[in-house]
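Undergrad: Quick one: sequence and predicted model below, then my questions.
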Amino acid sequence: MNPEITLDKVVQLPDGFTIRPGKLDDYKIVFDLLNASATHLTGAIDLTDPELVRNDWQDPKFDMEKSTRMVFAPDGTLVGVLEVWDTGTPPVHPWIWFCVHPDYLGQGVEDALLDWGEARAALAVERIPDGVRFAPRTGFVVQNQRFKALVESRGYKYDRSFYRMATTFDGPPQVPPTPQGIVIRPYNPETEFEAVVRTMIESFRDHYGFVERPFEDELTNFRHHFLGDPIYDPSLWFVAMDGDEMVGISVCRAEDYENPENGFVNELGVRREWRKRGIASALLKTSFAEFYRRGKKGAALGVDADSLTGALKIYERAGMRPARQYDNYEKELRAGEEISTQTV
């Protein structure tokens, strides 16, 4: 018997509401739902392109039948959606994401979705080595006090906050001098893809929550989510080189996910041995300068509010300020050794 389908039978929905797995063709109605929710909570949309939802669902390791559920009102309107991302190797912190249309909050839809999501995420413990800590996580924008109260009532504990940082250009960004011996240049997509992924892994190994996984998994993930981006543009990727050695990266896209007038920095990292030399600032400002040259009005990115590597301070010095806060929560289901990065 399919355990995911069996879970549907224990979900308590309001009378006349139905639940089913998501289908790829649902991406546009989910896009509309998440933007309705975001606008209700923050006054701004989350995404400008529905193809980004579709691309996420096409992740090679994500199974929509097993990992998504959608709730519909009696008239067929989509009112809630949930995803469980347990694609890590091992999946020590499955990510539970759920969204409910503002017109249907407080009717039991969010409770039903979280019931299903928690039960689905808990199945991942079967793929966790003995003795390793297992704690599903969830998160939402800080304004979502309803979801905050809901998860806290279920035993979730606050874990960490993340910021969406943004800046508006008031003139051409000034790129600081490159540290001696370091060259920042455009990425070569013909020869440097694997080197970029390796540099990203080395850079983010010191970031909170990092979990080591097979390199082939990282290649597959990076290839899908970045090369598969609907507006993938390799000319917006920059690398920092020390001789023949890649020591830093800035992986950007031409449009911010919620504001196409801005650019977005998806990944910016510098390997540990080369930090505190100004390389990250030079990479960031190089990216800003290219955004400006292309007519962008500003830039945005995401950052850990308590970054272990000091990334927040770098972005603040570059003129960026928090535009939105997301709070993450976790619920420990099995005590043990925490294998994700906690400190450096």
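TA: Thanks, I have the structure now.
Undergrad: all contacts plus neighbour counts: C-alpha atoms, from now on.
TA: Fine.
Undergrad: can you pull out the helices in the chain?
TA: Taking DSSP state H as the criterion, the chain carries its helices at 3-8, 27-42, 51-57, 64-67, 109-122, 145-153, 193-204, 215-222, 279-293, 311-317.
Undergrad: For Ser340, which of those is the nearest?
TA: Distance to Ser340, taken as Cα to Cα, is lowest for helix 193-204 among these, at 11.4 Å.
Undergrad: count of residues packed around the nearest residue to Val175 once chain neighbours are set aside?
TA: Using Cα to Cα, 6 or more residues apart in numbering and skipping residues adjacent in sequence, the residue nearest Val175 is Lys285, 5.1 Å away. Using other Cα atoms under 10 Å, Lys285 has 18 neighbouring residues.
Undergrad: Next up, the contacts around Lys285.
TA: Pro173, Gln174, Val175, Pro176, Ala318 (Cα atoms under 8 Å, 6 or more residues apart in numbering).
Undergrad: give me that answer again for 10 Å
TA: Pro173, Gln174, Val175, Pro176, Ile279, Phe291, Tyr315, Ala318 (Cα atoms under 10 Å, 6 or more residues apart in numbering).
Undergrad: Taking these, please make a PyMOL selection of just the buried ones.
TA: For the buried members of the contacts of Lys285, the matching PyMOL selection, counting by 16 or more other Cα atoms under 10 Å, is:
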select buried, resi 173+279+291+315+318
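Undergrad: about what we covered before: what separation do you get for the residue nearest to Val175 and Pro129?
TA: 43 Å (Cα to Cα, to the nearest Å).
Undergrad: measure the residue nearest to Val175 to Gln145 for me?
TA: 36 Å.
Undergrad: again, but for Arg272
TA: Distance from Arg272 to Gln145, by Cα to Cα: 37 Å.
Undergrad: the more surrounded of these two?
TA: Remark: of Arg272 and Gln145, Arg272 carries more neighbours, 15 against 11, as counted by other Cα under 10 Å.
Undergrad: Isn't that one up against Arg205?
TA: Yes: counting by Cα atoms under 10 Å, Arg205 is a contact partner of Arg272 at 9.0 Å.
Undergrad: show me what contacts the nearest residue to Glu51 once chain neighbours are set aside?
TA: In space, and not counting its chain neighbours, Glu51 is closest to Pro230: 6.8 Å by Cα to Cα, 6+ apart. Neighbour list for Pro230: Asp49, Pro50, Glu51, Leu52, Arg54, Asn55, Arg253 [criterion: Cα under 10 Å, 6+ apart].
Undergrad: Excluding chain neighbours, what is closest to the fifth one?
TA: Taking Cα to Cα, 6+ apart, and ignoring the residues beside it in sequence, Arg54 has Tyr27 as its nearest neighbour in space, at 5.5 Å.
Undergrad: Test my guess that the one you found contacts Met70.
TA: No: look at Tyr27 against Met70 with Cα under 10 Å: they stay out of range, at 11.2 Å.
Undergrad: Compare the two and say which is more crowded by neighbours.
TA: Met70 (22 against 19).
Undergrad: check contacts around the more buried one.
TA: 18-23, 26, 30, 78-83, 98-100, 113 are the contacts of Met70 under Cα under 10 Å, 6+ apart.
Undergrad: Now list the buried members of these.
TA: By 16+ other Cα under 10 Å, the contacts of Met70 give 18-19, 21-22, 30, 78-83, 98-100, 113 as buried.
Undergrad: Please enumerate the strands of the chain.
TA: Assigned by DSSP state E, the chain shows strands spanning 18-20, 68-72, 78-85, 95-100, 137-141, 157-168, 182-186, 237-242, 245-253, 262-270, 298-304, 321-330.
Undergrad: Adding mean pLDDT and distance to Asp217 as columns, could you present those strands in TSV?
TA: Listed next are the strands of the chain as TSV, based on pLDDT from 0 to 100; distance: least, Cα to Cα, whole Å:
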stretch	mean pLDDT	distance to Asp217
strand 18-20	96	29
strand 68-72	97	21
strand 78-85	98	15
strand 95-100	98	17
strand 137-141	98	21
strand 157-168	98	25
strand 182-186	97	25
strand 237-242	98	21
strand 245-253	98	19
strand 262-270	98	17
strand 298-304	98	23
strand 321-330	97	24
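Undergrad: Adding distance to Asp59, write those out as JSON lines.
TA: Shown next, in JSON lines, are the strands of the chain (distance: least, Cα to Cα, whole Å):
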{"stretch": "strand 18-20", "distance to Asp59": "20"}
{"stretch": "strand 68-72", "distance to Asp59": "13"}
{"stretch": "strand 78-85", "distance to Asp59": "10"}
{"stretch": "strand 95-100", "distance to Asp59": "15"}
{"stretch": "strand 137-141", "distance to Asp59": "19"}
{"stretch": "strand 157-168", "distance to Asp59": "24"}
{"stretch": "strand 182-186", "distance to Asp59": "27"}
{"stretch": "strand 237-242", "distance to Asp59": "22"}
{"stretch": "strand 245-253", "distance to Asp59": "19"}
{"stretch": "strand 262-270", "distance to Asp59": "17"}
{"stretch": "strand 298-304", "distance to Asp59": "21"}
{"stretch": "strand 321-330", "distance to Asp59": "23"}
